[in-house]
Each structure stands twice: as C-alpha cells, then as structure tokens.
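Q: kindly generate the corresponding structure for this input.
(one chain, ligands or ions: 3)
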Amino acid sequence: MVQQPLISLTCRKDKSPLMDTSNDLVFDASVLSHERNIPNQFIWPSEETPKPDSTEELVVPLIDLSLYHSQETGLVRLVRSACEQHGFFQVVNHGIDPKLLQEAHRCAEMFFQMPLMEKQRAQRKQGESCGYASSFTGRFASKLPWKETLSFRFSDQKQKQKQSIVRDYFVDTLGEAYRHTGGIYQKYCEEMSRLSLDIMEVLGLSLGVDRAHYRAFFEGNDSIMRLNYYPPCQKPEQTLGTGPHCDPTSLTILHQDDVAGLQVYIDGKWRTIRPRANAFVALSNGRYKSCLHRAVVNSRVPRKSLAFFLCPQMDKVVKPPGQLIDAKNPRAYPDFTWSALLNFTQKHYRSDMKTLDAFTDWILRQGQKL
Ligand SMILES: C=C1C[C@]23C[C@H]1CC[C@H]2[C@]1(C)CCC[C@@](C)(C(=O)O)[C@H]1[C@@H]3C(=O)O
Ligand SMILES: O=C(O)CCC(=O)C(=O)O
Ligand SMILES: [Fe+2]
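A: Residues are numbered from 1 along each chain as shown. Ligands and ions are numbered 1, 2, ... in the order given. Modelled structure (predicted):
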C-alpha cells in the first residue's frame, strides 16, 4: 500500500507581511496521529513544551449559580477572589441540559471523524475567523497547534429576529444532512449566550459596576463558537494542542470532554484543570487579568472541547464602565471595536499572552480613531 504523504508543500503568493507564514501543509489527523516522526512545524521549543509536573491539578472555586438569588453576596465575593487570583472559575448548576452537552460533544465527534475532504467542505478561508481548520497550516509557519477546529458565528441580535444563523451555517455549508447538528449548536449557542450574560452580571457586581451594565453591553452579542478536536499525538511532549495565550475575547465558556488537557499558568507553574470545567476570562480595563492557558495533547485518545467566546456587537465601542475609572485607575486601553480586534488577530497578529497590549500599540501607532 502506498503511504499517503504526510505533508504537501507549495508556496503561497498571498503572504501577509505581518503574519509569520507560510507554507501549505496538510494536517490529516487520520495519518498524523499514528506518526512517530513529528514534522518540524509541529514541534514547539523545549522551553514551551509540557513537562510532567504540569499534570498537577489546580483546584478552582466552584460557582454554584443556583445560589445566586439566595446567597448573592457570598457568590459575588467568591467570583471576585477567583478573578483577582487567576481569572478563572468553574460554574455548576448553570441550567444547561446535560443531554444538550452530550449531544454537542457527540456531533463534534461525528464531524471530526469524517474524512479530511468532507470536513474541508467547510474550509476556513485565509483571514476569516469561521470555518474548518486542520491545524493552522496555511496560517502559520511554525509552532503549529496539534488540533482541528470548526468555528462559527452566533448573533444574539439575529436570534432576537428569530433567525437561526448557526443552523443555517451548517445546512448552507455542509448540506441538509447537518440540519440536526446545526440545530444542536444553535441551541447550544443560545444557552451559552444566556449563561454568559448571567455570568457577566455577577462579574459586574463583583467589580462594583451597575447590575445591568454588562448585560446591556452584551445584549445582541456577536460571538464565536469553536469546536476543538485534539487527535492523539505519538510525541505529546514535543507538541501543543493550543499554544499559551490569553483569550482576547470578553468571556470564554469552555466545556471539556472527559480527557484532561486544559492547563493554566499560575504562580510560575502550569497546572491542569480537571475536565468538567466551564472556564472563563473577563475584560474589565485590566482589573481582572485574562488568564494564561494552553491545551496539551496525549498519545492515547482524542480530546474535545467546546469554546463559546462572548464578543460584543462588531462596531460597539469597547470601553470600561465609568465606575472603574478614577485618578488612581486611569484607562488601560484606548477605545476600540471588536471588529478591529478580531481583524488584528486574524490578519496581523498570532494571539498569545500579549494580544491586547500588541493591539493597543498597533492602533496607537496607526493613529486611527476606532
Ligand atoms: C478571537 C480568537 C482568536 C483565537 C480564537 C479566539 C479566541 C482565542 C484565540 C486563540 C485560541 C489563541 C491561541 C492561538 C489561536 C490561533 C489558536 O491556537 O486557536 C487563537 C485563535 C485564532 O486566532 O483562531
Ligand atoms: O481546549 C481547551 O481546553 C482550550 C482551548 C482554548 O483555550 C481556546 O480555544 O481558546
Ligand atoms: Fe483560550
């Protein structure tokens, strides 16, 4: 039998001068997950690769949302301390139907198990944030992530107009056979949007901001949902599923399957967050830091995670609430729009732990009013 080529190389002509790309490689998980010789592009520098001590578990506070009405003060205090310490907590009793979660994972499994060509019908285009990506072979030249992703847009505003843009995306891109899958993710995103607004309310209270402030700000949110699939890797100590980064979005609600892999950087060490997590980061003029995290892979089983990135409407001006600004706490970032930040992460800068600072320098350098 002729072995399929692992990677095919051709040169791109449309190089963006600001991205560190690019060769057209193909990451075919069905082949690469058995390969013992990892192509160079997927090997991370040894100072960034996972060390055995990072499997040590970090115990993160559990926020029981069912206690919100009866024990608001205690809950708000717990959230404040989690966000001040590491910007990370797990949410339980959030009202999301476990059957929906299960079905969302099952549909992801089904999609990623499809042959590469079938998945490529939803291929993400250069510079766009949505679609299927088998690793980011066309986007970056080195330190490639050992993962496949399927990303799509959710709009709360469209939902209010009774449009199901997630379900329509699946049907329009992949065909009628994906109507059920699309419907599941439509429902999942609607639930995530609702949960995000609840969490933002608690976050606002924990910062001393009006109860309604963040809920109103994210009304009509234009968010991104991403299915992450990490195939097994025969040399997991040389690779990373998702490199170290702070999400540049407002809040992330992440659901992992039962395979460990999410790690956060705390007190100079990488630590594992046990699966079952709903993890989040917050944007609040830098008062709460977005936590540094990554995903590692393993040699035995695939791992999945579902990430809902809460984002404001594209052209809404992002700025901190007035109550957070005074002489002691001056503005940390200039006004900006999510549309400009998204464009920056997709076309000009590979998101890492410094995305917001790099973005701030970029807009100030351009002297643009956003
Ligand atoms: C706006 C976004 C860019 C990324 C997806 C969302 C939020 C996090 C970003 C990301 C996960 C950070 C690590 C690098 C990245 C390229 C990835 O590995 O997926 C980032 C996403 C992206 O640019 O597609
Ligand atoms: O898969 C994970 O556990 C983390 C993924 C992640 O950080 C992301 O998609 O931004
Ligand atoms: Fe992330």
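
Q: going by C-alpha atoms from here, please, whenever you check contacts or count neighbours.
A: Will do.

Q: what's the longest helix belonging to the chain packed up against?
A: In the chain, assigned by DSSP state H, the helix with the most residues is helix 179-207. For helix 179-207, the packing partners by 3 or more C-alpha pairs under 8 Å, 6 or more residues apart in numbering; DSSP states H and E come out as helix 72-85, helix 98-113, helix 156-160, helix 165-174, helix 213-218, strand 251-256, strand 303-310.

Q: so what sits opposite the residue in the stretch 251-370 of the chain positioned nearest to ligand 2 in the bridge?
A: Closest contact between the stretch 251-370 of the chain and ligand 2, by C-alpha to the nearest ligand atom, is at residue 262 (4.1 Å). Per DSSP bridges, residues listed as beta-bridge partners of residue 262: residue 295.

Q: for stretch 257-273, what is the average pLDDT?
A: For stretch 257-273, mean pLDDT is 92.

Q: got the end-to-end distance for that stretch?
A: Stretch 257-273 has an end-to-end distance of 12 Å (criterion: C-alpha to C-alpha, to the nearest Å).

Q: mind listing residues that contact that stretch?
A: Contact partners of stretch 257-273, identified using C-alpha atoms under 8 Å, 6 or more residues apart in numbering, comprise 53-60, 86, 105, 274-276, 291-297, 301-305.

Q: what about that stretch, near ligand 1?
A: No: under the criterion of C-alpha under 6 Å from any ligand atom, ligand 1 is not reached by stretch 257-273; the shortest gap measures 12.2 Å.

Q: that stretch: which residues count as buried?
A: By neighbour count on 16 or more other C-alpha atoms under 10 Å, the buried set for stretch 257-273 is 257, 259-265, 270-273.

Q: separation between residue 315 and residue 93?
A: Counting by C-alpha to C-alpha - residue 315 and residue 93 are separated by 33 Å.

Q: up against ligand 2, what does this protein have?
A: 228, 247, 261-262, 294-295, 305, 307.

Q: now for those, which pair is the farthest apart?
A: By the measure C-alpha to C-alpha, these have their two most distant members at 247 and 261, which lie 16.7 Å apart.

Q: surely residue 300 forms part of a helix?
A: No: using DSSP: H, G, I helix; E, B strand; the rest coil, the assignment for residue 300 is coil, not a helix.

Q: does the nearest residue to it once chain neighbours are set aside lie in a helix or a strand, and which?
A: Nearest residue to residue 300 in three dimensions, chain neighbours excluded: residue 232, at 5.7 Å (C-alpha to C-alpha, 6 or more residues apart in numbering). For residue 232, there is no helix or strand it lies in under DSSP states H and E.
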